[in-house]
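Engineer: Next come a sequence and a model predicted from it.
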Amino acid sequence: MHNVDPADLKTAAGAGVRLVGVSKAFRGTLAIDDISLNIEPGSFVSLLGPSGSGKTTTLNMIAGFVTPDAGQLLFDDKPITDIPPHKRNIGMVFQSYALFPHMTVFDNVAYPLRMRTKLRKDELGERVREALQLVRLSGFEDRYPRQLSGGQQQRVSMARALVGRPRLLLMDEPLGALDKKLRDELQVEIKEIHRKLGSTFIYVTHDQTEALTMSDAVVVMRNAQVAQFGSPREVYEEPENTFVASFLGNANLLPAKVVAADGQGQTVRLSNGAALTLPSGGRRTFIAGSDVMLLLRPEDLALAAPGTADSATLNGTLHEMLFFGDSYKLIVDIGSDTLMLWASPREIADLSVGAPVRVAWDAGRAGLLPAGE
Amino acid sequence: MNARIDVWVLGASVVAVLLYLLFPIVVVIGASFNPTTALQFPPSGFSLKWYQEIAGNPDWINAFIVTLEVGAITTLLSLLFGVPAGFALSRYRVKGKTLVTALLLSALVAPHIVRAVSTYLFYVPLGLNNTILGLAIAHSIGGIPFVVINLGASLRSFDPTLERAAVIHGAHPVRAVLTITFPVVAPGIIVGALFAFMQSAQELLISIFVLGTLQMPIAVKLWEGVRVAVDPTLAAASSLLVLAALGFFLLAALARRGAAPAPNA
Amino acid sequence: MAGSQDSGPSPTSPAPVLPLFQRSWFAPTVLLAPTLLWLIFFYIAPIALMVWRGLMDTGLQGYIKIFSSDIYLKVFWNTLQISIITTIGCLVLGYPIAFALTVVGRRLQALILVLVTLPYWLDYVVRSYSWIVLLGRRGLINNILVGLGIVDQPLPLLFNLFSVCVGMIQVLLPIMILALFGAMSRIDRRLMLAAEIHGASRWRAFRTVFFPLSLAGVYSACLLIFISALGFFIVPALIGSPRQTMITQSILVLAETLLNWTDAAALSIVLLVATMVLTIIYDRFFNIDRLWGGDQR
């Protein structure tokens, strides 16, 4: 199945990375504000967030390009804050690829080996060819970076990062400059490479789909802080706040007030007066009277079939419907709030804008989040 | 509307100005092949006798050698002082930066006669007058700014991520600068060095004051020649300089081409 | 609703540089100090000593003498006059070429640039010298004019103000063209199109949009040419007459022939001060620091 025997490349083990109360300010503005993270050895962790949220600074700090003002950085429980970047034994893929323009592909990929090891010439060549094979770029050894396409340059950059079998690999928006089709392809390849290598991967991206598909864990960042850290499913299905909920995927967030909370569940009232009851479960609970946000993912909503009980539906007016090929995107007005949901062309039938609609919701999948924030 | 007329007028003025700029060179080269002692263009025949005269004249040969010696030492000094300064000026924020910048800039525009007179007076007690080294030192003042400017321009278009890529993959920062930064910006340094050499080779006033008339670089020799007697030997020497300038020009163009940034990089 | 990208206050985090280049005073000092000392010793010290010695010998007397002497005032006037004519001439000839460079295709542009910069590599003496062949009484121009019967007598084209300006413009024109071209290529060409779309003729689009935008570049280039012209020597000496004597020539004669070092030094300082004042003005308005990619102040 694979061209390369994974055993050849497998690193000893991924490095565990720990940030303890780390802060960094640039010209008085906090770029990282008291962040603590524990990244498991061998995992694939994404730093996800809007621009300016501190994700790149965090990555640069792990690389050693940025020294923290406060806090500690540990690899495998050993503090490395004072170790300069060139001694950290890290591989890194840059957004601009940062290939050395005056060197061939071979020399680019061989660079880390030449700096860090004293390999014999034939061993070195063997390792470089192995790495190029892993990124499916065999035969390009003698080309110069300017003779390669963007995707090929990206692969060379990958090969250079992993040729030294680093236990930690950093990627700074490595697919940001590529078109969508190529990006999708490379996502799969990077994931495969991660599995083969067993190194820890830390991956910076602002693309939420990329983070969800590739990672074992996602660090959602906002305003120099960690908004949430968890598995892709956790951050998507159980967001801790409205920012995370709306940053990952589509979210309907409706302001509501908790009117009753007991062992059976919590009842909230929406702005249009409708009352909904959520069953008790692992979700957080609020005391009666709290202002909350009701989270309903579009995929948990559907047009109600005739005869559905009123308690499981929300009544509204169809505000807009947009054709997406395989489905329609519906915008439904519910009082002063709006809901977004998907419907199949068959369900639409004779529906038209302005018509009253009933939206069925899955009480078991709805969530409550603290209002404000 | 009258797009054609625009284009014709513009095109004609371009051609006219180019003629104005280049025709004198053609004239000098043409006159150098004149078989008679008269300096005229178009030449009345074709002869290489003035070139032979130069080749057989130790004065001229000596002038070429002096120019080369002064130019080489000037270039070396300009690189020695210009490269570190250029690197520091575009990389660091330091206090003395404005001062050095101002000095370099003023050295570039300071009238040569001022530097010539002051350097001559300064050199008297130091015994640097009438020495090749003395002239090269004086010329390096004009050469360093060229190295700094060209290196600065190259460093400005240099992607600092390359240095970080080298460091994260194991290179000591100093080694990263030496193996990555300098090779990438080398074309800029080469162009700066060529400029430094050319300004030395063309400089007349400081050369007159510092070297006197015992040793004459080509610029002085031409100058003296023009003042004494105008004959086609000067045209021939000039034509050789045109040839040398052309060579230098091509070298600079090649170096610049090497500096062209790669797409997607 | 969905995906509200609240990025909050975006910390303007600078692209991280290597720790080697952060907050360090050691490396820049080691790199800059030798150059600084070299410039101070071999460039500033000689000039400072020259000024000092002049003041010691005669006090301000030397300067007063210079500014009260008709001969020197005439020399100043010559220098000013020739520099102004040269600057204007360079602008008039250079502007169309620089503009043409911004509209032609890349290959033609490269060719013209090569041809424009080619003479820049050539010795000043050689360049001036060629005008003797061209403009002399029996030079090419007069031969043609007489030959065609346009004039009876050869015209006095050489060794006068005309020939000096022709020679100086030829020397400085490449710099003017490059400076103007640099400034013009920063003007967004689509602005011209926008003007034309909105009803301006080509000429009016040029006059109302492109030309005003190019003025900053014009001023900067003119100042640069003027500063360079002030110190000229070879051209007026070779193809001018004594009536076109410029400052540099006077200094040379004073020092070399008359051995009058006091006046030579004083005159040098006047020229230097004029040059530096103009350069400082240039720097204030056009930020010379850009030349070596320093940070924009």
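Structural biologist: Perfect, I can see it now.
Engineer: quick one: the strands in the stretch 51-200 of chain B?
Structural biologist: Counting by DSSP state E, counting those that start in this stretch, the stretch 51-200 of chain B has no strands at all.
Engineer: Run through the helices of it in chain order.
Structural biologist: With DSSP state H, counting those that start in this stretch as the criterion, the stretch 51-200 of chain B has helices at B:58-91, B:97-109, B:112-126, B:132-157, B:161-168, B:173-176, B:182-202.
Engineer: Kindly reformat these as a markdown table and extend each row with distance to B:Leu48, mean neighbour count and mean pLDDT.
Structural biologist: In short, each C-beta sits where N, CA and C put it, glycine included. Conversion of these to a markdown table gives the following (distance: least, Cβ to Cβ, whole Å; neighbours: other Cβ atoms under 10 Å in any protein chain shown; pLDDT from 0 to 100):
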| stretch | distance to B:Leu48 | mean neighbour count | mean pLDDT |
| --- | --- | --- | --- |
| helix B:58-91 | 15 | 21 | 93 |
| helix B:97-109 | 40 | 19 | 85 |
| helix B:112-126 | 35 | 23 | 94 |
| helix B:132-157 | 31 | 24 | 93 |
| helix B:161-168 | 52 | 25 | 93 |
| helix B:173-176 | 54 | 18 | 90 |
| helix B:182-202 | 24 | 22 | 92 |
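Engineer: Find the nearest non-adjacent residue to residue 231, please.
Structural biologist: Because you didn't say which chain, this covers chain A. What sits nearest to A:Ser231 in space, not counting adjacent residues and going by Cβ to Cβ, 6 or more residues apart in numbering or on different chains, is A:Ala217, at 5.8 Å.
Engineer: The intended chain is chain C.
Structural biologist: Once its chain neighbours are removed from consideration, C:Gly231 has its nearest residue in B:Pro111; the separation is 3.3 Å (Cβ to Cβ, 6+ apart).
Engineer: helix, strand or coil for the residue in the stretch 51-200 of chain A positioned nearest to chain C?
Structural biologist: Of the stretch 51-200 of chain A, the residue with the smallest distance to chain C, taken as Cβ to the nearest Cβ, is A:Gly52 at 3.0 Å. Following DSSP: H, G, I helix; E, B strand; the rest coil, A:Gly52 is assigned to coil.
Engineer: Kindly state the pLDDT recorded for it?
Structural biologist: The predicted local distance difference test score for A:Gly52 is 86.
Engineer: Assign A:Ala305 to helix, strand or coil.
Structural biologist: coil.
Engineer: would you turn the helices of the stretch 51-200 of chain B into CSV with distance to chain C?
Structural biologist: Formatted as CSV, these follow (distance: least, Cβ to the nearest Cβ, whole Å):
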stretch, distance to chain C
helix B:58-91, 4
helix B:97-109, 5
helix B:112-126, 4
helix B:132-157, 3
helix B:161-168, 6
helix B:173-176, 4
helix B:182-202, 5
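Engineer: Could you pull up the residues touching B:Arg256?
Structural biologist: Under the criterion of Cβ atoms under 8 Å, 6 or more residues apart in numbering or on different chains, the contact partners of B:Arg256 comprise B:Pro187, B:Val191.
Engineer: my read is it is in a helix, agree?
Structural biologist: Yes. The assignment for B:Arg256 is a helix, going by three-state DSSP.
Engineer: picking up where we left off before, count the residues that sit near the residue nearest to C:Gly231.
Structural biologist: Neighbour count for B:Pro111, taken as other Cβ atoms under 10 Å in any protein chain shown: 24.
Engineer: Against C:Met276, how distant is it?
Structural biologist: Distance, B:Pro111 to C:Met276, using Cβ to Cβ, to the nearest Å: 10 Å.
Engineer: Likewise for A:Lys78?
Structural biologist: 58 Å.
Engineer: Comparing these two, which shows the higher neighbour count?
Structural biologist: Higher neighbour count among A:Lys78 and C:Met276: C:Met276, with 17 against 11, using other Cβ under 10 Å.
Engineer: name the element the more buried one belongs to?
Structural biologist: C:Met276 belongs to helix C:261-286 when elements are defined using DSSP states H and E.
Engineer: how far is that helix from where the chain is centred?
Structural biologist: For helix C:261-286, the distance from its own C-alpha centre to the chain's C-alpha centre is 14 Å (Cα atoms, centre = their mean, to the nearest Å).
Engineer: List the buried residues for that helix?
Structural biologist: Across helix C:261-286, burial judged by 16 or more other Cβ atoms under 10 Å in any protein chain shown covers C:261, C:263-272, C:274-276, C:278-279, C:282-283, C:286.
Engineer: One more: stretch A:208-215?
Structural biologist: In stretch A:208-215, the ones that count as buried by 16+ other Cβ under 10 Å are A:Gln208, A:Glu210, A:Ala211, A:Leu212, A:Met214, A:Ser215.
Engineer: what's the answer for stretch A:128-148, then?
Structural biologist: Residues of stretch A:128-148 classed as buried by neighbour count (16+ other Cβ under 10 Å): A:128-135, A:137, A:140-141, A:143-145, A:148.
Engineer: So which residues on the stretch 101-250 of chain B come close to chain A?
Structural biologist: Residues of the stretch 101-250 of chain B found near chain A (Cβ under 8 Å from any Cβ of the partner chain) are B:159, B:161-162, B:164-173, B:175-176, B:180, B:183-184.
Engineer: buried stuff in stretch C:82-97?
Structural biologist: By neighbour count with 16+ other Cβ under 10 Å, stretch C:82-97 contains the buried residues C:82-83, C:85-87, C:89-91, C:93-97.
Engineer: from the residues you listed, which single one is nearest chain B?
Structural biologist: C:Pro96 (4.4 Å).
Engineer: I'd say that closest one and B:Val15 touch.
Structural biologist: No. Under the criterion of Cβ atoms under 8 Å, C:Pro96 makes no contact with B:Val15, lying 10.9 Å away.
Engineer: Could you report the neighbour count for the residue in the stretch 151-300 of chain A positioned nearest to chain B?
Structural biologist: Closest approach between the stretch 151-300 of chain A and chain B, counting by Cβ to the nearest Cβ: A:Gln153, at 6.0 Å. By other Cβ under 10 Å, the residues close to A:Gln153 number 26.
Engineer: Backbone dihedrals for the nearest residue to it once chain neighbours are set aside, please?
Structural biologist: Sequence neighbours aside, A:Tyr97 is the residue nearest to A:Gln153 in space, at 4.7 Å (criterion: Cβ to Cβ, 6+ apart). As for A:Tyr97, its main-chain torsions (degrees, to the nearest 10) stand at phi 70, psi -40.
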